[in-house]
Each structure stands twice: as C-alpha cells, then as structure tokens.
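Trainee: Output the structure for:
(2 chains)
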Amino acid sequence: MYPSDYLYTEDHEWVHVEEDQCTLGITDYAQNELGEVVYVDLPEIGDSFDAGEEIGAIDSSKTSADIYTPVAGEIAAINADLEDAPELVNEGAHDKGWLVKLRITASGGLDELMSAEKYQEFVAEQAS
Amino acid sequence: MSDKDPSVPPQGNPGPKRTPLHDRHVAAGAKLVEFAGWEMPVRYASETSEHRAVRGAAGLFDVSHMGEFSVRGPGALDFLQGLTPNNVARLRPGRIHYSGLLTPEATYVDDLLVYQLGEADYMLVVNAANLDGDLEWLRSHPHPECEIEDHSDRYALLAVQGPKATEILRRLTAVELDPIRYYRFASGTVAGAECLVSRTGYTGEDGFELYVAPEEAPAIWDALFEAGAGDGLVPAGLAARDSLRLEAGMALYGHEIDRTTTPYEAGLGWVVKLKKGDFMGREVLVEQKRQGTERRLIGFEISGRGIARQGHSLVHEGEEVGRVTSGGWSPTFEKAIGTAYLPSALAATGTELEIAVRRRRLAAVVVDLPFYRRDS
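Mentor: Reported below is the predicted structural model:
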C-alpha cells in the first residue's frame, strides 16, 4: 500500500527523495480522511521554504488541510494537472496526485521521517 | 431505566451515547464521530455522493439524537406563546411550525419545531447540542398549569429525504401521504411500527421524518432500504446533512443563529408574529422591525479557487466587516458557498467582497438566499 522507497511524515505526507530533489504528496490515508478534493493551493516555482514550513493547502468538500515541507528547499516543479483535476489527489495520492517537487537545500528533517513500515503502524494506531 | 438502555455505551464506560441504529451504521461502513455527546455517522461512502443522492433520489438520515419535549396542560398554549415568537394559536392537531426560544434580548437560545399533538398537548423538537440548556430554560420560566417532560428517549428519528422519498415511504404504510402537506404530520403504522409521520426535513427536498420507538428503528431502517434501494436510497450522514441544509439556506444553531442573533438579523422574520401578543423578546423585535437591524445574514459565493469556513473574515475596502458563519463546498453548484453577517449597508445582493482564507484573499459576491430551491 505505501511505497517502500518513500518516507512519511506524521502529517500524512510522503516524500520521495532522488539525489538532491524530492517529490512531495499526501498519503492515501490522508486523501481518504479529507474526502473529495476540490482545490489544491500550491506554491510557485522558485519559492523557498524552511523545514516544517507550510507551503500550501488542500481544500476538500468538508475541510481544509495545510501542506508542509519536512525539508528545506526551493520549489522546482508543481503538479499543474491539479488545477483542473484536483481529484487526482484522491485517485492517485502516491503517484499522479503528487503535489510539488523541491530542490533540497538542507537535508535536516529527513532523518525524522518514517519508513513505509513504520507509517503503516502509525496509521493503524490512528484508526483505533 | 432498564439496564438494556441502548443509549448507554457498552460496559457502562463514560463515552458518547449510541442511537438504536448504531449497528446499522457500522454495517453500512459509516465513519462515526462524536457529536453533542452521541456517536453519529458523519458519512458512509462519501459526503458529496450522499448529498447528490438526496438531491436526485433519496437519502436516509438517523437523527435520533435530537430532543423531544412534551408540553402539556391547560396552560400549555399560554406557556409556549410567551416563550416563542411564532403564533402557537394558529396550530391545530397535526400541524407543525418552525420557531425558537428567545431571550429577552430576542436572541436565540435554540431554534426548534413545535408540533401540536392534541388538545393542550404539544411536542417540541430541539437540537441535540442544546437539549439540556433548552430544558433548563423552559423549566426556569414555568407556568403553573403546564407540565414539561423530556421524552427524548422515547423516540428514534429517521429522516428520509429526496424526490423519491414519498414514493419509497408509500410502499411501507397505509397512511395517506399526499394529504400530509409540508409541516403537517399524521400517526400511523410504517412497516408494522407505530409512527408519527411528519413531512418536515432539513435538506430542502421533499421528504418525511419518522418518529418511532427506539426498538422499532432498526426494522424501519431495513424496510426503507428494502423498499428503496432500487430507487437509489442511500444512508446519509451528518456531513451531507450540513451541506444540504446550507444550500437550502437553513440556519444551524451555533452558526447562523446563537445568543447574539435575533430572528430579524438572521432573515427569519417570517417566524415572528408581533401581533399575536406578548412574548419574550417582543420589545426588541418591535424596535428592530421599526428601525431595521444593523447587520443582516447574507449568502455568498466564492468566485475564486478556495473554500471559506466559519470564522474567516470578510473584507470590504480593506476593512474586516464580518465573519463567515457557515462555509463549505456546494456539490449541487460546484462552487464554494457560505453565510455571514454583514453590516446592513453592505448586505445587498451583488456586493463584492474578499474573504481572508489563510494567506490569501478570495473574491466573493453576496447572493440571494437560499442558494437552492427545489423545482427551480
């Protein structure tokens, strides 16, 4: 269920690190909790953030959730498909619903993230 | 109280109460949340699909958590007339009206329905979250010839709402449904159980609310699905209930109405019958009717991309002029809508505003309420 080569945050986001870049999204658990995604509020290419900073938000029919970056970086790409098709986050939270790509400027923050196995346990605890 | 009281959580552990339909919710895959001390289904499959089902076919809601009070005695009419703004004398057995309990400042203690069951015999249906407060309010303004009893645990309440609701219910009862016009009720048997069949609801669609003894509720639930699944009847939760009532322009206590709002401010002037005689809050309402109110409830639509929620600020020419009272996504119109109080001078339809949501300002425009009317 949760890709083993991704890392996970306690805010139910995933990070896929590839050398000095990473891709960020929300997990399948998060999209299910959110309900039907209606808008995705993304930052702009070139914006810089510190680890832990809020970079945007996702509006669903019933609630809004902030998106954070666990790692310091500069936005290298955003998923433009989400403008017209926000439901991609529900349909493919781990792949086609990716949110942003960041060029990592400081790797601090990555060591605190969970493996797929740990995240699976974390989610199981939430549900109980 | 028998030790099989279904509303007591298992093992007597302190926790939210459960309605008689709890097992049905679990079986239907409901996501359960705590609301007003009850464990309630917020959604089953998805709140937007449940919302659309109610608009297009039918949905079934468990609203057993609501409170029902009996108000009886030779003084019952006077008692209710004195504490509510609507005219109870216009009711007859079998009729209902929407009303409220107002403070001397004419602000809302709660909104409620008044049912006339019989001669000097009324039932008040109140919000679950305000049940204790309402009972205390009523008891603190007693009438010597009027008795108030909390009968909430005698009733489970199922609401079947949608264009197919009447057709579906018809299959389960010999009660003639067509003569039961909006805001009327009749007693009879539904799927073999004694029922009060009320053509009321909180969705803006046609439909009925069925008051039954708690032990009969599961069988009625099953019978409704057996009769209605083929027509598209689905179980619907509190999230859909909220988006439906918002589209229909119906007030929710704690949002559009509370202890700071009067009926005139809230657009509920039709509930106020100044000529019926004296009632709590009447003086303030006479004044507000004469002078107008300083602020008014409006509906808004967001033109940009984003959803405003309760508490977000409305901005006009750089100044905060109000706060969102309800806000959310409208599945029917596929846009973000909401309600807010604005100074009366800014409350005209078409007024353009901004709503501060997180770091952004969303463009919004004042629109007429309700957003949705069936058959329009």
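Trainee: Every contact and neighbour count from this point should use C-alpha atoms.
Mentor: Fine.
Trainee: check contacts around the closest residue to chain A within the stretch 1-150 of chain B.
Mentor: Nearest residue of the stretch 1-150 of chain B to chain A: residue B:46, at 6.8 Å (C-alpha to the nearest C-alpha). With contact set as C-alpha atoms under 8 Å, 6 or more residues apart in numbering or on different chains, residue B:46 has these partners: A:35-36.
Trainee: And it, how far from residue B:27?
Mentor: Applying C-alpha to C-alpha, to the nearest Å, the value for residue B:46 to residue B:27 is 15 Å.
Trainee: and what of residue B:201?
Mentor: Following C-alpha to C-alpha, the distance that separates residue B:201 from residue B:27 is 25 Å.
Trainee: quick one, which of those two is more surrounded?
Mentor: residue B:201 (18 against 9; other C-alpha atoms under 10 Å in any protein chain shown).
Trainee: How about the backbone phi and psi for that one?
Mentor: Summarising the backbone geometry of residue B:201 under the convention degrees, to the nearest 10, its torsions are phi 170, psi 180.
Trainee: Contacts only, for it.
Mentor: Residue B:201 is in contact with B:159, B:161, B:207-209, counting by C-alpha under 8 Å, 6+ apart.
Trainee: give me that answer again for 10 Å
Mentor: Taking C-alpha atoms under 10 Å, 6 or more residues apart in numbering or on different chains as the contact definition, residue B:201 lies against B:159-162, B:182-183, B:207-209, B:245.
Trainee: what's the answer for residue B:47, then?
Mentor: A:35-36, A:61-62, B:53, B:236-243, B:331.
Trainee: The same query, at a cut-off of 7 Å, please.
Mentor: Contacts of residue B:47 were listed using C-alpha atoms under 7 Å, 6 or more residues apart in numbering or on different chains, and they are B:239-240.
Trainee: Show me where chain A has its strands.
Mentor: Using DSSP state E, the strands of chain A run over residues A:7-8, A:13-18, A:21-26, A:37-41, A:48-49, A:54-60, A:64-68, A:72-78, A:100-106.
Trainee: CSV for those strands, including mean pLDDT?
Mentor: Written out in CSV, the entries for the strands of chain A read as follows (pLDDT from 0 to 100):
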stretch, mean pLDDT
strand A:7-8, 96
strand A:13-18, 96
strand A:21-26, 97
strand A:37-41, 93
strand A:48-49, 96
strand A:54-60, 94
strand A:64-68, 92
strand A:72-78, 97
strand A:100-106, 95
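Trainee: Of these, flag the one that's most buried.
Mentor: For the strands of chain A, the stretch with the most neighbours on average is strand A:7-8, a mean of 26; neighbours defined as mean count of other C-alpha atoms under 10 Å in any protein chain shown.
Trainee: Show me how far it is from its chain's centre.
Mentor: How far strand A:7-8 lies from its chain's middle: 9 Å, per C-alpha atoms, centre = their mean, to the nearest Å.
Trainee: in the stretch 151-300 of chain B, which spans are helices?
Mentor: Applying DSSP state H, counting those that start in this stretch to the stretch 151-300 of chain B gives helices spanning B:165-170, B:217-228, B:238-247, B:282-291.
Trainee: List the buried residues of the second one.
Mentor: To tie it back to what came earlier, the one meant is helix B:217-228. B:217-218, B:220-221, B:223-225, B:227-228 (16 or more other C-alpha atoms under 10 Å in any protein chain shown).
Trainee: in the chain, which residue is closest to the centre?
Mentor: Picked chain A for this. residue A:25 (2.5 Å; C-alpha atoms, centre = their mean).
Trainee: Please refer instead to chain B.
Mentor: Centre of chain B computed as the mean C-alpha position; nearest residue by C-alpha atoms, centre = their mean is residue B:202, 5.1 Å away.
Trainee: residue contacts, it?
Mentor: Under the criterion of C-alpha under 7 Å, 6+ apart, the contact partners of residue B:202 comprise residue B:245.
Trainee: and stretch B:341-356, C-alpha only, in CSV?
Mentor: Coordinates of each C-alpha in stretch B:341-356 appear next as CSV, following Å, rounded to 0.1, in the frame of the first residue of the first chain:
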residue,chain,number,x,y,z
TYR,B,341,-23.4,38.6,8.9
LEU,B,342,-22.6,41.9,7.2
PRO,B,343,-23.5,45.5,8.1
SER,B,344,-26.9,46.1,6.5
ALA,B,345,-25.4,48.8,4.3
LEU,B,346,-23.2,46.1,2.6
ALA,B,347,-25.7,43.3,2.5
ALA,B,348,-27.2,44.0,-0.9
THR,B,349,-27.1,41.2,-3.5
GLY,B,350,-24.1,41.7,-5.8
THR,B,351,-21.9,43.4,-3.2
GLU,B,352,-18.3,42.3,-3.9
LEU,B,353,-16.1,41.3,-1.0
GLU,B,354,-13.0,39.4,-0.2
ILE,B,355,-12.7,36.6,2.3
ALA,B,356,-9.3,36.1,4.1
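Trainee: Now tell me what touches it from outside.
Mentor: Contact partners of stretch B:341-356, identified using C-alpha under 7 Å, 6+ apart, comprise B:293-298, B:312-316, B:321-323, B:361-368.
Trainee: taking these one by one, which sit in strands?
Mentor: Here DSSP E is the test, and the contacts of stretch B:341-356 give B:295-298, B:313-316, B:321-323, B:361-367 as lying in strands.
Trainee: Quick check on these: which are buried?
Mentor: Buried positions within these, assessed by neighbour count (16+ other C-alpha under 10 Å), are B:295-298, B:313-315, B:321-323, B:361-367.
Trainee: what comes up buried for stretch B:162-177?
Mentor: Residues of stretch B:162-177 classed as buried by neighbour count (16+ other C-alpha under 10 Å): B:162-169, B:172-173, B:175, B:177.
Trainee: tell me which parts of chain A are close to chain B?
Mentor: Proximity of chain A to chain B (C-alpha under 7 Å from any C-alpha of the partner chain) is limited to residues A:35, A:39, A:59, A:61-62.
Trainee: now do 8 Å
Mentor: Taking C-alpha under 8 Å from any C-alpha of the partner chain as the criterion, chain A approaches chain B at residues A:35-36, A:39, A:41, A:59-63.
Trainee: Would you mind giving the residues you listed as CSV with distance to residue A:119 added?
Mentor: Below are the residues of chain A next to chain B laid out as CSV (distance: C-alpha to C-alpha, whole Å):
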residue, distance to residue A:119
A:35, 20
A:36, 23
A:39, 26
A:41, 25
A:59, 24
A:60, 23
A:61, 26
A:62, 25
A:63, 23
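Trainee: with these in mind, which one is nearest to chain B?
Mentor: Taking C-alpha to the nearest C-alpha as the measure, residue A:61 is the one of the residues of chain A next to chain B closest to chain B, at 5.0 Å.
Trainee: What is the neighbour count of the closest residue to chain A within chain B?
Mentor: With distances taken as C-alpha to the nearest C-alpha, chain B approaches chain A most closely at residue B:329, which sits 5.0 Å away. By the criterion of other C-alpha under 10 Å, residue B:329 has 27 neighbours.
Trainee: and it, helix, strand or coil?
Mentor: Judged by DSSP: H, G, I helix; E, B strand; the rest coil, the three-state class of residue B:329 is strand.
Trainee: show me what contacts it?
Mentor: Contacts were defined as C-alpha under 8 Å, 6+ apart; by that measure residue B:329 touches A:60-62, B:243, B:307, B:335-337.
Trainee: go with 7 Å
Mentor: Taking C-alpha under 7 Å, 6+ apart as the definition of contact, the neighbours of residue B:329 are A:61, B:307, B:335-337.
Trainee: burial measure for the residue nearest to it when sequence neighbours are not counted, as a count.
Mentor: Nearest-residue entry for residue B:329: residue B:336, 4.4 Å, with adjacent residues in sequence omitted and distances by C-alpha to C-alpha, 6 or more residues apart in numbering or on different chains. One way to gauge burial is a neighbour count; for residue B:336, by other C-alpha under 10 Å, it gives 23.
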